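Novice: Test case, fold it:
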Amino acid sequence: MNALNRRPAWLNQALRQAPWRTQAQATSLLMALVIVVAVIGTLYLAQASRTAAAGRRLQDLEDQRQTLEQQNAQLRAEIASLRSVPRLIAQAEAVGYRPATTQDLEYMPMPGPAPSVSATATPFPTAAELAPAYEETLADWLTRRMAVITGQIGGVFNATFGPESP
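Specialist: Next comes the predicted model:
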């Protein structure tokens, strides 16, 4: 039997009487499908463009943040160099300051018993004394730190599991 014979008789009669209805229904279904696909495509493109715009804005903000962090680091380094003791000493000497000597000191008498210790001027420390040079390399420091850590770990294991047996 073919497909037409399997349908109910009233459907076969309705289809034979109004064939334009099936064409109109198929056309309507196709148009509805096209409209749905167009709406979904439009929504997808709108969302994709918003996502792309937000991604670009995020990238711009990250670039701006990185630039500002670099400027902050540069300003911190500049502040540190301006606050360095050797520079401050040089600047003070440039405007006429110098370390005080015993002849430059004046004492104000205070009422009461005289102090038993006489005051003497201490020499101003040099830049090398204030900021000593590093003598230790990174490898030496890491070796020393690893020895301390291994000693601590060994102490924890010995305390937890008891002394090692041979």
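Novice: Okay, now the unreliable bits of this structure?
Specialist: Applying pLDDT under 70 to the chain flags the ranges 1-5, 14-22, 114-115, 117-119, 132-134, 159-166.
Novice: switch to 50 and redo it
Specialist: 1, 4, 165-166 (pLDDT under 50).
Novice: Show the residue spans covered by the strands in it.
Specialist: In chain order, the chain shows no strands, with DSSP state E as the criterion.
Novice: Dihedrals phi and psi, residue 7?
Specialist: phi -80, psi 150 (degrees, to the nearest 10).
Novice: Outside of stretch 79-94 itself, list whatever touches it.
Specialist: Applying C-beta atoms under 8 Å, 6 or more residues apart in numbering, the external contacts of stretch 79-94 come out as 127, 130, 131. Bear in mind the C-beta positions are built from the backbone N, C-alpha and C, glycine included.
Novice: Return the distance of the spatially closest residue to the second one that is not a sequence neighbour relative to residue 124.
Specialist: If you skip the residues right next to it in sequence, residue 130 has residue 85 as its closest partner in space, 4.7 Å away by C-beta to C-beta, 6 or more residues apart in numbering. When C-beta to C-beta, to the nearest Å is the yardstick, residue 85 and residue 124 sit 11 Å from each other.
Novice: who touches both of the two?
Specialist: By C-beta under 8 Å, 6+ apart, no residue touches both residue 85 and residue 124.
Novice: if I pick residue 67, what's in contact with it?
Specialist: By C-beta under 8 Å, 6+ apart, no residues touch residue 67.
Novice: Next one: it relative to residue 142, how far apart?
Specialist: Residue 67 is 34 Å from residue 142, by C-beta to C-beta.
Novice: do residue 123 as well
Specialist: From residue 123 to residue 142 the distance is 38 Å (C-beta to C-beta).
Novice: Burial check on residue 125, number of neighbours?
Specialist: By other C-beta atoms under 10 Å, 12 other residues sit near residue 125.
Novice: Many thanks, I have nothing further to ask.
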